[in-house]
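>>> dropping a prediction and its sequence here:
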Amino acid sequence: MAAASIPITSLPWHHSVSLPSPTTSITVNNDRYFSNHPTILLIKQCSNSKQLKQIHAQMLRNGLFSDPFSASTLVSAFSMSSFQGVDYAHKLFDQIPKPNIYTWNVLIRAYSSSQVPVQSLLIFTRMLYRCDQVLPNKFTYPFVIKAAAELLDMRVGEVLHGMAVKMSLGSDVFILNSLIHFYASCGCLDSAYRVFLNIPVRDVVSWNTIITGFAQGDRPDEAIELFREMQTSLKPDKVTMMSVLTACTKKLDLEIGRWVSNEPKPDAVTFVSTLSACAQVGAIYMGGWIHGYIKKHGVKLSCHLITSLIDMYSKCGDLNKALEVFYSVDDKDVFIWSAMVAGLAMHGHGRDAIDLFKKMQEVNVKPNAVTFTNLLCACSHTGLVEEGRDFFKKMQPVYGVVPGVKHYACMVDMLGRAGHLDEAIELIKAMPMPPLASVWGALLGACKLHGNVEVAEQASSHLLELEPWNHGAYVLMSNIYAKSGKWDKVAMLRKRMKYIGLKKEPGCSSIEVDASFHEFVVGDNTHPQSKRIYAKLNEISEKLKSMGYEPNRSQVLQCVEEEDMQEQALHLHSEKLAIAFGLISLKQAQPIRIMKNLRVCGDCHNVAKLISKLYNKEIFLRDRYRFHHFKAGDCSCKDYWPGSYRKACRKLTSEPLP
DNA sequence: GTAGGGTTAG
């Protein structure tokens, strides 16, 4: 068969595209397969249905449509786009003589989240009655159960539940999670909870689903209780926090409702738990609203509540508000002082944190272990090594606080970051307790900063021994290898990660605009305002170039070879998208507040500094470890955090010792 | 060699 060359002018990436023709074919189980990967790649690159339709026409002409794999890929591609796309996918599906289970599932999935979820169920029954040896599998059930949940059809859901069990799929966690969602949607929280309890190994989604169920079903106390229980075995994620936030809001609503009907007012405990959820997700609007409510209704400000407020404002990026609350109280206990030290620390005001610590002693409040963790953290984040060493040394003899693992981790972090790797290692060796993962993690982080491969290898092997599932360790290690050009080792690590099923946590940034959250991942184009965002990014990029800015390529630590590809990867980091969105959607006087789940990369850090100057805009960026406050071209971290440790070290050594 | 894929919130 000769290659057919057809111009598809509307495809953006080429002026003309040749569809590959099948060059080889083999027969397996009476089915003929063609080797045609390029077609599939082509389909996967399509961004709209017009392009897909053109490819479909071509496939029909050169016989590729009779290849089940190509055809099902096409159906899948159509079903991904809008509702019209699903409709078209359905028509296409009907033209396939013997669809395989994957193709069935594709269509069922597409309908399950469409405007007509009932179609999912209809196609499912069609599949059952066709009797051509295609049976539903573990991928089918989550979709049909989802459709039943959408339709709130109790009977259908129960039947599906029974079928899945009969097919020995009764312990598949995906199916069971879907069932929890189904029963909860139908208002049968007890059935949902029973399913939840029967899951052999519960994952984050299981917990999230049941927590959400209770939160939305007006049983917020149970939701919050489950959230507490969850934390003993699993790390909550973004979805968990949103669900907990819902639960807290509900609780507050219920409390207010009860208060209106002359029952006891919402108490401080309610506010403490709600504020803590706000702090964790960075919901400053909601947090501020609660603070307003507290003031308006004269809720008694206990030390606990004050601590929560300070913590919330600090973690949401409003240090001034946190300080305002702090100074408005006369009688402060050790928790309030410690929270304020932590707030100053995470915003990079190490000196102020130390001053506060001194003031605390002047008024005779005795520091505890938490105070010292925060204090050492402050020293570490600002590079105050001498001070940190001194406090650590005095902890036990002067203040009577025995250093714990956390304090050692802080010290290792501080020393390592400042370049004293040997001293950090000596400290680990001298630890009276076994070093936990946090200690090795700190050492590994320092190795990344200083490009020390040998120590990094040791640290990561200790870390992975303790936490084999820690993908952060793999990513750090592979970045260290990449930085020193050891691409073979990078490849080996990626292979191993894949082998044990670990995935890199995708970078994700969120921004709160008028009380609603907007999230971005790398290269995200799913936001409704996506076009405007990218236009803004281009504008920024032009302006920065004219200022003489060059992207910092060492930040792209994947094996990307082409130069402009690298620039693109940098260009599309989630924090940049969020900043661009902030620029177009906030008023001039409003600062941009962004939260990132990972650490900010050096290039984004530079760009943020430049943008703060260029657009005269304050930017608060909370990353995994701390805050960066960008203003007039500078950052509150004084560049000590991401990459420029040398500068900070030089600054340190030139300063007189205390 | 003949593959691929799922659940939770707003």
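Okay, I see it.
>>> the stretch 551-658 of chain A: helices as residue ranges?
In the stretch 551-658 of chain A, helices defined by DSSP state H, counting those that start in this stretch lie at A:563-571, A:574-585, A:602-614, A:645-654, listed in chain order.
>>> and those, which one averages the lowest pLDDT?
Ranked by mean pLDDT, these bottom out at helix A:645-654, which scores a mean of 32.
>>> what separates the residue nearest to A:Leu64 when sequence neighbours are not counted from DNA strand B, distance-wise?
Excluding the flanking residues, the one nearest A:Leu64 by C-beta to C-beta, 6 or more residues apart in numbering is A:Ser70, at 5.1 Å. In short, each C-beta sits where N, CA and C put it, glycine included. Distance of A:Ser70 to DNA strand B, given as C-beta to the nearest atom of the strand, to the nearest Å: 8 Å.
>>> which element is A:Ser70 on?
Applying DSSP states H and E as the criterion places A:Ser70 in helix A:68-80.
>>> who are the packing partners of that helix?
Helices and strands touching helix A:68-80, as assessed by 3 or more C-beta pairs under 8 Å, 6 or more residues apart in numbering; DSSP states H and E, comprise strand A:31-34, helix A:37-45, helix A:49-61, helix A:83-95, helix A:101-112.
>>> buried ones in the fourth one?
Under the neighbour-count criterion of 16 or more other C-beta atoms under 10 Å, helix A:83-95 has A:Gly85, A:Val86, A:Asp87, A:Tyr88, A:Ala89, A:His90, A:Leu92, A:Phe93 buried.
>>> relative to DNA strand B, how far out is A:Leu444?
Using C-beta to the nearest atom of the strand, one obtains 28 Å as the distance from A:Leu444 to DNA strand B.
>>> surely that residue meets A:Val475?
No. Contact status for A:Leu444 versus A:Val475: not in contact, 10.4 Å apart, counting by C-beta atoms under 8 Å.
>>> more crowded one of the two?
The residue with the greater number of neighbours, taking A:Leu444 and A:Val475 and applying other C-beta atoms under 10 Å, is A:Leu444; the counts read 27 against 19.
>>> what residues are up against the more buried one?
By C-beta atoms under 8 Å, 6 or more residues apart in numbering, A:Leu444 lies in contact with A:Ala456, A:Ala459, A:Ser460, A:Leu463, A:Ala473, A:Leu476, A:Met477.
>>> show me those that map onto strands.
When strands are assigned by DSSP state E, not one member of those lies inside them.
>>> what's near enough to touch the nearest residue to A:Gly404 once chain neighbours are set aside?
Counting by C-beta to C-beta, 6+ apart, the nearest residue to A:Gly404 once its immediate chain neighbours are dropped is A:Ala369, at 6.0 Å. Taking C-beta under 8 Å, 6+ apart as the definition of contact, the neighbours of A:Ala369 are A:Val401, A:Val402, A:Gly404, A:Lys406, A:His407.
>>> PyMOL command to pick out the buried ones of those?
Selecting just the buried residues from these in PyMOL takes one command, with 16+ other C-beta under 10 Å as the test:
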select buried, chain A and resi 401+406+407
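>>> which one of the contacts of A:Ala369 sits closest to DNA strand B?
Nearest to DNA strand B out of those is A:Lys406 (C-beta to the nearest atom of the strand; 29.6 Å).
>>> A:His450 is in contact with A:Ser484, correct?
No. Using C-beta under 8 Å, A:Ser484 is not in contact with A:His450; the gap is 11.1 Å.
>>> more neighbours: these two, which one.
Ranked by neighbour count (other C-beta under 10 Å), A:Ser484 and A:His450 place A:His450 first, with 17 against 14.
>>> hmm, that one is touching A:Asp422, no?
No. At 11.4 Å, A:His450 does not count as touching A:Asp422 under the criterion of C-beta under 8 Å.
>>> who in the stretch 101-250 of chain A is up against DNA strand B?
When proximity is defined by C-beta under 7 Å from any atom of the strand, the stretch 101-250 of chain A lies next to DNA strand B at A:101-103, A:105-106, A:109, A:113, A:137-143, A:146, A:149, A:172-175, A:177-178, A:181, A:203-206, A:208-209, A:212, A:216, A:238-239, A:242-243, A:246.
>>> my bad, the stretch 501-650 of chain A
In this structure, the stretch 501-650 of chain A approaches DNA strand B at residues A:Phe517, A:Glu519, judged by C-beta under 7 Å from any atom of the strand.
>>> picking that back up, hey, which of the helices and strands packed on helix A:68-80 is tucked in deepest?
helix A:101-112 (a mean of 24; mean count of other C-beta atoms under 10 Å).
>>> and the angle for that one with helix A:83-95?
150 degrees (axes from the mean of the first three to the mean of the last three C-alpha atoms, to 10 degrees).
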